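>>> Mind looking at a prediction? Sequence and model below.
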Amino acid sequence: MNKTLADQFLEDSSYQQAKGKILESLAEYQSRITGIRPPIAELRQKYEDILEVFQKHRAGTLIFPYLGSGIGAGPFVELADGSIKYDFIAGIGVYQFGHCHPEIVASSLDAAVKDTLIQGHVQQTTASAELTGKLLNLANREGHVFDHCYLTSSGVMSGENALKITFQKKSPAKRILAFNRCFAGRTLAFSQINDKPALREGLPEYFPIDHVPFFDPEDPEGSTNATLSAIDALVEEHPGEYAAMFFELVQGEGGFYPGNTDFFRTIMQYCKDHGIAVLVDEVQTFGRLSKPFAFQYYGLHDLVDVAWIGKASQVCATFFKESFSPKPILLGQTYTAATSVIEGALTILNHWEQGDYFGDQGKIEALSKYMRDQLKSFANETGLIEGPFGIGSMICFTPGEGDNARVFSFAKKLFEQGVISLTAGSDPSKIRFLLPYPAIEEQHIDEVLKITFDLLRSGDF
Ligand SMILES: Cc1ncc(COP(=O)(O)O)c(C=O)c1O
């Protein structure tokens, strides 16, 4: 006997048939989703009542009145009021494979009949071991970068783990360098690093952060020199005090600002020369450019010390070199992720391996170009938007002058009209899309842009 009972059970024809039936039935219901539609009148009141109580309980309104029903098909998602919307923000990148992707549902079913509901650092399944290995292979595919990969439950927690191992290694250095407009999540530590005072209002200061200017595409050389001088002045002022510099290679929440290889290499090399650890937050960029990691896209694999991912990968993870290995018990957590999420992440990685997504001729670049070309033409013809901006499947534009309130009002109107987007940045504020590229074709982009352009032309927002 060379099989566990668990494997025998999963392969058992009774389980396989039951699973097949469930997937078949789901596919039948999904096939009824053929486009956007307004709410079902009879469900409206109940939906509004649930929303009202939910928002009261959680002490804050939701960005959009969104409560999913639990079913979707590719870029379409059904809400609990029966409406169907185009989801072009994908839960800020979480539903990257669209809604109810059959392979992900299938892996979730397998996980649902397994023992552990949520895995943690004391008890895990072989899926966690397999995922860790696969993630390391992906991160090292352009050349060896990392020796270790540590799974965790959220994007910001993978960042916290990165910070902890870095501070421990660099102790007693405790200053951090970061770029203007950066965003890294909402724990106490990262509230300090985010370049947005409103995100740390009333919170105590933990360690000193110095923000320096990000890359300016209008002046690549000048901005590289200016940033380098700013960092150099700070390092001279605080010798030996900087533990790390935080890099978000495509600024996400800040407004989809990409960087540039020379810029990053220059700054990272300076960090290396001065004993400052190079930390790369890939939570929003992972799986969204023409290479899986943004540090691969920019050709930086020889300069990165620690990186972390989240969102698209479902399970989040921190990657680090041997020399950054933590002392025992620095890291650990009761929850890593649900078994279904871990198995879902494996399915996603397998799908990426098999699909034609990455590379200059891959689907990400093709759809990105298709959407940007249309946005560019619209901008030229009408002057109603600035842009497009962004890179890969991270695409955004500025409606009008980019006034915060007006852009948010635009996003809300777009939501009402059946397209889910989100704002990013301020001064100017933008409308952003995170394309669920495995689940869409050009025709979906056409439909989303038609609704978007009609709303822009109407000026009714
Ligand atoms: C660059 C970046 N880092 C970290 C985070 C935090 O991730 P999470 O919300 O999963 O904690 C985000 C979330 O938007 C992000 O965009």
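On my side now, so go ahead. Numbering: from 1, shown residues only.
>>> what's near enough to touch residue 375?
By CB atoms under 8 Å, 6 or more residues apart in numbering, the contact list for residue 375 reads 385, 387-388, 395, 397, 449. (C-beta placed from N, C-alpha, C; glycine too.)
>>> Among those residues, which ones lie close to the ligand?
Among these, no residue sits close to the ligand (CB under 6 Å from any ligand atom).
>>> Can you name the residue of the protein nearest to the ligand?
residue 155 (2.4 Å; CB to the nearest ligand atom).
>>> pLDDT at that residue, what is it?
What the model reports for residue 155 is a pLDDT of 97.
>>> re the thing from before, mind telling me the two of the contacts of residue 375 farthest from one another?
387 and 449 (12.7 Å; CB to CB).
>>> Give me the distance from stretch 299-310 to the chain's centre.
Stretch 299-310 has its C-alpha centroid displaced from the chain centroid by 16 Å (CA atoms, centre = their mean, to the nearest Å).
>>> anything in it near the ligand?
Yes. Judged by CB under 6 Å from any ligand atom, stretch 299-310 and the ligand are in contact via residue 310.
>>> quick one: terminal-to-terminal distance for that stretch?
Length of stretch 299-310, first residue to last, CA to CA, to the nearest Å: 21 Å.
>>> average pLDDT for it?
98.
>>> again with stretch 369-381
Per-residue scores along stretch 369-381 average to 98.
>>> now it: how far from the chain's centre is it?
On CA atoms, centre = their mean, the centre of stretch 369-381 falls 24 Å from the chain's centre.
>>> ok, and for it, which residues are buried?
371-372, 374-375, 378-379 (16 or more other CB atoms under 10 Å).
>>> Point out the residues in this structure that sit beside the ligand.
With the criterion set to CB under 6 Å from any ligand atom, the chain comes near the ligand through 92, 154-156, 159, 183-185, 248, 252-253, 281, 283-284, 310.
>>> Identify the farthest-apart pair in those.
Across the residues of the chain next to the ligand (CB to CB), the longest gap, 16.4 Å, separates 154 and 248.
>>> Between the two, which has more neighbouring residues?
The residue with more neighbours, out of residue 154 and residue 248, is residue 248; 26 against 18, by other CB atoms under 10 Å.
>>> where do the strands sit along the stretch 151-300 of the chain?
All strands of the stretch 151-300 of the chain, identified by DSSP state E, counting those that start in this stretch, fall at 175-179, 209-212, 242-247, 250-251, 257-258, 277-282.
>>> Between these, which one is closest to residue 434.
The nearest among the strands of the stretch 151-300 of the chain, by CB to CB, is strand 250-251 at 11.5 Å.
>>> So which other helices or strands are in contact with that closest one?
Packing partners of strand 250-251 (3 or more CB pairs under 8 Å, 6 or more residues apart in numbering; DSSP states H and E): strand 257-258.
>>> Give the pairing partners of the strand it packs on; include direction for each.
strand 250-251 (antiparallel) (DSSP bridges).
>>> can you give me the helices for the stretch 1-150 of the chain?
Here the stretch 1-150 of the chain has its helices, by DSSP state H, counting those that start in this stretch, at 5-11, 13-30, 41-57, 90-93, 102-112, 126-139.
>>> now the stretch 351-461 of the chain
For the stretch 351-461 of the chain, helices defined by DSSP H, counting those that start in this stretch occupy the ranges 363-382, 404-416, 442-458.
>>> and the residue nearest to residue 208 when sequence neighbours are not counted, how many neighbours does it have?
Nearest residue to residue 208 in three dimensions, chain neighbours excluded: residue 175, at 4.9 Å (CB to CB, 6 or more residues apart in numbering). Look at residue 175: counted by other CB under 10 Å, it has 19 neighbours.
>>> thought residue 175 was touching residue 241?
Yes. Using CB atoms under 8 Å, residue 175 is in contact with residue 241, at 4.5 Å.
>>> Distance of residue 142 relative to residue 300?
To residue 300, residue 142 is 10 Å away according to CB to CB, to the nearest Å.
>>> If you could redo that for residue 140, that was the one I meant.
14 Å.
>>> Looking at the two, which has the bigger crowd around it?
Set residue 140 next to residue 300 and count neighbours by other CB under 10 Å: residue 300 wins out with 23 against 16.
>>> Distance to residue 191 added to the buried residues of stretch 369-381, as a markdown table?
Listed next are those as a markdown table, based on distance: CB to CB, whole Å:
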| residue | distance to residue 191 |
| --- | --- |
| 371 | 33 |
| 372 | 33 |
| 374 | 38 |
| 375 | 33 |
| 378 | 37 |
| 379 | 35 |
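>>> what does the domain assignment say about the chain?
1-78+96-116, 118-338, 358-400+412-432 (automatic domain parsing).
>>> so how far is the second one off the chain centroid?
Put simply, domain 118-338 sits 14 Å off its chain's centre (CA atoms, centre = their mean).
>>> what sits against residue 5?
No residues are in contact with residue 5 under the rule CB under 8 Å, 6+ apart.
>>> just checking, residue 191 touches residue 204?
No. Residue 191 lies out of contact with residue 204 (CB under 8 Å); the separation is 10.0 Å.
>>> And those two? Which one has more around it.
Between residue 191 and residue 204, counted using other CB under 10 Å, residue 191 has the larger neighbour count: 20 against 7.
>>> and residue 89, how many neighbours?
25.
>>> and the closest residue to it other than its chain neighbours, how many neighbours?
Of all residues not flanking residue 89 in the chain, residue 422 sits nearest, at 4.6 Å (CB to CB, 6+ apart). Using other CB under 10 Å, residue 422 has 23 neighbouring residues.
>>> and the gap between residue 422 and residue 448?
Counting by CB to CB - residue 422 and residue 448 are separated by 14 Å.
>>> Not counting its neighbours along the chain, what's nearest residue 310?
residue 155 (2.9 Å).
>>> hang on, isn't the one you found packed against residue 183?
No. Using CB under 8 Å, residue 155 is not in contact with residue 183; the gap is 10.4 Å.
>>> out of those two, which sits in the busier spot?
residue 155 (27 against 23).
>>> Return the residues in contact with residue 427.
402, 404.
>>> For it, give me the pLDDT.
In this prediction, residue 427 has a pLDDT value of 89.
>>> hang on, the earlier thing: please name the bridge partners of the residue nearest to residue 208.
The partner residues for residue 175, given DSSP bridges, come to residue 242.
>>> Name all residues that make contact with it.
Going by CB under 8 Å, 6+ apart, residue 175 touches 207-210, 238, 241-243.
>>> Please report the number of neighbouring residues for the closest residue in space to residue 47 that isn't next to it in sequence.
The shortest distance from residue 47 to any non-neighbouring residue, by CB to CB, 6+ apart, is to residue 81 (3.7 Å). Neighbours of residue 81 under the rule other CB under 10 Å: 22.
>>> Correct me if wrong: residue 81 contacts residue 41.
No. Using CB under 8 Å as the test, residue 81 is too far from residue 41 to be in contact (9.4 Å).
>>> Residue 55: neighbouring residues, count only.
13.
>>> do residue 88 as well
Neighbour tally, residue 88, other CB under 10 Å: 25.
>>> what residue ranges in the stretch 251-400 of the chain score low on pLDDT?
In the predicted model of the stretch 251-400 of the chain, no residue satisfies pLDDT under 70.
>>> And for residue 190, nearest residue in space, chain neighbours not counted?
residue 184 (4.3 Å).
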